[in-house]
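Need a 3D model of the sequence below.
(2 chains)
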2 protein chains.
Amino acid sequence: MDIELKLSETGKNLRSSLIRELLKYASIPGSISFGGGVPDPNTFPRHELAEIAKEVIEKEYAYTLQYNTTEGDDELVKQIAKLLERMYGITGIDRPNILFTTGSQQALDLLARVFLDKDSICIVEFPVYLGAASAFRMMFPQFITIPLQDDGMDVDYLERKLKELDSEGKIKNVKFIYTVPNFHNPAGVTMSLEKRKRLVELAEKYDLLVIEDDPYGMLRFEGEHLPALYKLAGPDRVVLLNTFSKILTPGLRIGMIIGRADIVRKATLAKQAADLCSPSLNQRIAARYLERYDLFEQLKPGIELYKRKKDVMMKALEEEFADIKGVHWVNPQGGLFTWLTLPDGFDTMDMFEIAKEKMIYYIPGQAFTIDDSVSTSMRLSFCLPPEEKIIEGVKRLKAVVVEYGKRKGLIG
Amino acid sequence: MDIELKLSETGKNLRSSLIRELLKYASIPGSISFGGGVPDPNTFPRHELAEIAKEVIEKEYAYTLQYNTTEGDDELVKQIAKLLERMYGITGIDRPNILFTTGSQQALDLLARVFLDKDSICIVEFPVYLGAASAFRMMFPQFITIPLQDDGMDVDYLERKLKELDSEGKIKNVKFIYTVPNFHNPAGVTMSLEKRKRLVELAEKYDLLVIEDDPYGMLRFEGEHLPALYKLAGPDRVVLLNTFSKILTPGLRIGMIIGRADIVRKATLAKQAADLCSPSLNQRIAARYLERYDLFEQLKPGIELYKRKKDVMMKALEEEFADIKGVHWVNPQGGLFTWLTLPDGFDTMDMFEIAKEKMIYYIPGQAFTIDDSVSTSMRLSFCLPPEEKIIEGVKRLKAVVVEYGKRKGLIG
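Purely as a prediction, here's the structure:
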């Protein structure tokens, strides 16, 4: 049977994530990878989780081993409500405002299904979080991309675009603006308070929904926490996505949609058809963990670790790249990534061949574009390699850049 | 913000499963429910699973608490390959032939996304498994329904339909035939060997794919196991879905797609966008369980229990309903359900109001139609209530039928 003849439009258009393809090389012995954005397993509270897992299976088996509701664990709702208050100062969150999902990837997929059609417009950042792009793309919407600056989304550009869309009568097709305001993946930048306020004003003015994706917000190394868009604008305007993947463990696969009851309800119905429910076991483990341990305290050593690694990478970049004109990189205030941009003419995807030879891996900026366009940038993750590997990795990266730059006549 | 204005076509069409709505009543004290198809939690091997969970978190944390691959656990693949050989006599299954999903509901959703467009035709049984209908419906295909008989799908009817479609030039739009061959949900019937062979022949003749969904196959009470369609026709023609929900525990949420590498690959790419990966923890727990315990042996007490309950229900139905002309029900050879059909004129959804008064719950046949049409049938599940409740429940059901029948002048 020729399966191609049977595929749907979606089926025909599916393609593998570039990141996944590139990361295959990273497991070759001797290689150093700045590629993956996965947390360090040594930050996971394994002893505590192991005890809790045993206990909730033994004692709460009629819940933990049975089908869950589509909405997810009520006990976890209580814990999340407390966490949201402490973390964002958000109050009034109750059962109808939360849907637990399989990581935030499923949250993105469900919202895409609930909101996007082919004639929908979906506003995203440039560079864009790849997972969001792949979820949204499944519905074939039109994308508008808003460049990121060092203090977040270029809201002037956004305003011009919205005006344009409005004058063309297309503003009603804009279903949402998607943003990662804290320690952006891949760009590492954080949206300033001023820009947050302007984004909310624009959303109000043009009656738009904002999807605020905040997987890294709790991983702040320095400076003050900035208010969530959800806190600034309220649930009428913003849907907040969060996940345990970066703050507890990705292995539980718990993400969540926090928002207006009617939006959460629609996403819940979509989830009912998509996978009926997420495992009650995983949700109850998380609920008991939050009940017994102070997540903020537990996170501190992990944040220290990432901050130290980030500092090592910043210092190494300074040492290696200060002498190449036109190179710049982001010094992130938290999270897992920095974003390095090379001078005009560099193509970090093309350059990847040399990186492979020298066994240093990064994610080319092209992976974070909607239209697969050539990029001078790359995402570097500092969370996984040990400190000495970070230093060695940056040295290799420099050698890659120099070799490519000379080969292409881009540096002297 | 008026959210209705922002919804996609999918978002607008989402509706809650009728079953979920009806099951709300079943938790009222004093009620007896034949509604839910959930397994008895006392059949779950909780002590074994609790030990394994603790162990795999402690010792294999770098895997169990980390992101998983989209494809899922390689260790579980090995165990499933053995299980498939023992259960179905299927050999040659390896990594590229299996994708683990969040229950079989996600398997249905991913296949729908990979194969179905609006102009696609999707052939299902009547009555249809509700979860499949809701997953397929998300892609807005056209449905053709094939009636079920006591020995499975009416293959003569199917043949006529396929001929018709062929003569109308529409056969290329048929993306697959979906069937639950063993102990059908909701109909309780099992497809005979002869019909299995004819279905495969028709699939060959018209170059069609068959999706074989077999969640209950291992729960056989009596008689011989019949060969899987996958075994009869091979992977070129059949995709096999399975799940641990009915044979180990639904709480782990592990389903699977077994098939040709190219189909599995497409489903994997769809899963990448849908939720990135399912929890490695749950999959590793299942893998270690299968490694250490003989699932077939472990299942025996559960099968005995369900068989006893089924026998009790059959006897009770015989005692209560033998005197009402035109009532008939299926004596299932396995699984969790029987299907009771009342004489013409009955409407089991309308009758549900009386059932609520008498605190006996079933699922009206209407829930298992594609077009929400009135039904004289109902699904009765015998797996959860204790034996004395089954007897009492059937008595109440009889009272409901008599009251409704008299009220409508359907019985004397």
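
Would you map the helices across the stretch 251-400 of chain A?
Using DSSP state H, counting those that start in this stretch, the helices found in the stretch 251-400 of chain A span residues A:261-275, A:280-292, A:295-321, A:352-357, A:387-407.

CSV please, covering those and showing mean pLDDT and mean neighbour count.
The C-beta positions use only the backbone N, C-alpha and C, and glycine is treated the same way. CSV is the format used below for those (pLDDT from 0 to 100; neighbours: other Cβ atoms under 10 Å in any protein chain shown):
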stretch, mean pLDDT, mean neighbour count
helix A:261-275, 97, 24
helix A:280-292, 97, 23
helix A:295-321, 95, 17
helix A:352-357, 95, 17
helix A:387-407, 97, 18
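
so which of those comes closest to chain B?
helix A:261-275 (3.9 Å; Cβ to the nearest Cβ).

ok, is that closest one in contact with chain B or not?
Yes. Helix A:261-275 is in contact with chain B by Cβ under 8 Å from any Cβ of the partner chain, via A:262-263, A:266, A:269-270, A:272-275.

go on, stretch A:53-61?
Yes. Stretch A:53-61 lies within reach of chain B by Cβ under 8 Å from any Cβ, at A:53-55, A:57-58, A:61.

So chain A: which segments form each domain?
Structurally, chain A divides into domains by the TED database as follows: A:3-44+A:297-408, A:46-294.

which parts of the stretch 51-200 of chain A sit against chain B?
Checking the stretch 51-200 of chain A against chain B by Cβ under 8 Å from any Cβ, the hits are A:51, A:53-55, A:57-58, A:61-62, A:64-68, A:70, A:101-103, A:105-106, A:109, A:113-117, A:120, A:131, A:134-135, A:137-139, A:172, A:175-176.

Take the residues you listed and keep only those in strands.
A:101-102, A:175-176 (DSSP state E).

For those, pick the one with the most neighbours.
residue A:102 (31 neighbours; other Cβ atoms under 10 Å in any protein chain shown).

hang on, isn't residue A:317 packed against residue A:394?
Yes. Using Cβ atoms under 8 Å, residue A:317 is in contact with residue A:394, at 5.9 Å.

Spatially nearest residue to residue A:261 (excluding sequence neighbours)?
residue A:96 (3.9 Å; Cβ to Cβ, 6 or more residues apart in numbering or on different chains).

so how many other residues sit close to the one you found?
15.

How about the one 10 residues further on?
Residues near residue A:106, counting by other Cβ under 10 Å, number 30.

Residue A:130 and chain B, how far apart?
Residue A:130 sits 10 Å away from chain B, going by Cβ to the nearest Cβ, to the nearest Å.

ugh, wrong one, residue A:5
From residue A:5 to chain B the distance is 7 Å (Cβ to the nearest Cβ).

Longest strand in chain A, by number of residues?
strand A:142-149.

Show me how far the next helix or strand after it is from its chain's centre.
Per DSSP states H and E, the first helix or strand lying C-terminal to strand A:142-149 is strand A:152-153. Offset of strand A:152-153 from its chain centre (Cα atoms, centre = their mean, to the nearest Å): 15 Å.

and what of stretch A:38-57?
23 Å.

export it as CSV, just CAs?
What follows is stretch A:38-57, C-alpha atoms only, in CSV (Å, rounded to 0.1, in the frame of the first residue of the first chain):
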residue,chain,number,x,y,z
VAL,A,38,17.0,19.6,29.1
PRO,A,39,17.6,20.1,32.9
ASP,A,40,20.4,18.5,34.8
PRO,A,41,19.1,15.2,36.3
ASN,A,42,21.0,15.8,39.4
THR,A,43,18.7,18.7,40.2
PHE,A,44,15.8,16.3,40.4
PRO,A,45,14.7,15.4,44.0
ARG,A,46,14.7,11.7,43.2
HIS,A,47,14.7,10.3,46.8
GLU,A,48,11.7,12.4,47.7
LEU,A,49,9.8,11.5,44.5
ALA,A,50,10.7,7.8,44.9
GLU,A,51,9.2,7.7,48.4
ILE,A,52,6.1,9.6,47.3
ALA,A,53,5.5,7.5,44.3
LYS,A,54,5.6,4.3,46.3
GLU,A,55,3.3,5.8,48.9
VAL,A,56,0.7,7.2,46.5
ILE,A,57,0.5,3.9,44.6
